[in-house]
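J.: Quick check, what structure comes out for this input:
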Amino acid sequence: MPVELNHTIVAARDSRAAAEFLATVLGLAVGPPYGPFLPVETSNGVTLDFMDSGGAEITSQHYAFLVSEEEFDAIMGRIHQAGITFYADPGHRHAGEINRNDGGRGAYFADPNGHNLEIITRSYGSGG
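T.: I've put the predicted structure just below:
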């Protein structure tokens with residue numbers, strides 16, 4: 001059996017708010033609770049399981065999502081509509097810009113817990 005990422009736990013101050021933020025922006029759904037987790041499943045079956053941090057400090061993590069050109073446009077539309085600041089770079093120095101790495105498009109934005117989210121239309125190193 002090939003190795004596949006199945007799920008990851010995402011720490012949140014408010015797991016419901018964090019899961020709904022991601023699901024809304026990406027056009028996904030929040031699944032039913034599973035124990036202490038609120039899952040958001042991507043189209044390739046990977047779930048991001050949001051869990052309350054219980055007041056513990058949250059270390060910022062990076063989550064990148066490969067999307068189609070059409071999905072990128074739809075996501076950017078929701079980002080604009082929500083007034084979410086986006087950036088062309090992971091260091092958040094180029095606000096209001098997207099990147100064109102590998103001939104695709106990409107953007108970074110923060111979730112309510114400070115996690116660095118990224119949408120890209122081409123995998124890095126794929127050329128273009």
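J.: Where is the longest helix in this structure?
T.: The longest helix of the chain (DSSP state H) is helix 69-82.
J.: How many neighbouring residues does the nearest residue to Ser53 once chain neighbours are set aside have?
T.: Spatial nearest neighbour of Ser53, chain neighbours left out: Ala11 (4.6 Å); criterion: C-beta to C-beta, 6 or more residues apart in numbering. The C-beta positions use only the backbone N, C-alpha and C, and glycine is treated the same way. Residues within reach of Ala11, counting by other C-beta atoms under 10 Å, total 19.
J.: now swap in Ser126 and tell me
T.: Counted with other C-beta under 10 Å, the burial measure for Ser126 works out to 13 neighbours.
J.: mind checking which helix or strand it is in?
T.: Per DSSP states H and E: Ser126 is located in neither a helix nor a strand.
J.: in stretch 21-38, what counts as buried?
T.: Within stretch 21-38, the residues that count as buried by 16 or more other C-beta atoms under 10 Å are Phe21, Leu22, Ala23, Val25, Leu26, Leu28, Val30, Phe37, Leu38.
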